[in-house]
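S.K.: 3D, please:
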Amino acid sequence: MTAVKPQTNLDVAGAAALEKELAGLSGDVVVDLADVSFVASSGLRVMLKTAQRLKSQGGSLAVEHANDTVREVFKISGFAMVVDIRECPRCPPVRTARRLGGSVGLGSACGRSWPSPE
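M.R.: Numbers count the residues shown, from 1 in each chain. Sure thing, here's the model as predicted:
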């Protein structure tokens, strides 16, 4: 698993930086959104393209530590049906935390690991 942690909102500029960082990655990738408070359509596009590319190569894309606002954007846009949105069970809970779609991976971008809930 490769972890990526954007340090800025995923607006046009932040999405472009994330796209460059994700471009060379393969396998299972998790994007830790702990420091992201806003995701624009350009950020969704980058993550959707990356999820599709990784899936075609046998990998996956997951996001974690998304705040309530970002989770709502994912839900309304349908993004939650494409990418695994998860929380680390050892991190502080968020109001709307629940696993949505996708496959369950092991581990966390925050460096913790836990057993699969299957």
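S.K.: How far away from the center of its chain is the helix or strand hosting Lys20?
M.R.: For Lys20, the host element (DSSP states H and E) is helix 12-23. The chain centroid and the centroid of helix 12-23 are separated by 13 Å under CA atoms, centre = their mean, to the nearest Å.
S.K.: residues making contact with it?
M.R.: By CB atoms under 8 Å, 6 or more residues apart in numbering, the residues outside helix 12-23 that reach it are 4, 6, 8, 10, 29, 31, 36, 40, 42-43, 45-47, 49-50. (Each C-beta comes from the backbone N, C-alpha and C, glycine too.)
S.K.: let's go with 6 Å and repeat that
M.R.: Helix 12-23 is contacted by residues 4, 6, 8, 42-43, 46, 50 when judged by CB atoms under 6 Å, 6 or more residues apart in numbering.
S.K.: Would you check how far apart the residue positioned nearest the centre of the chain and Asp35 are?
M.R.: Nearest to the mean C-alpha position of the chain, by CA atoms, centre = their mean, lies Val63 at 1.7 Å. The gap separating Val63 from Asp35 is 13 Å, by CB to CB, to the nearest Å.
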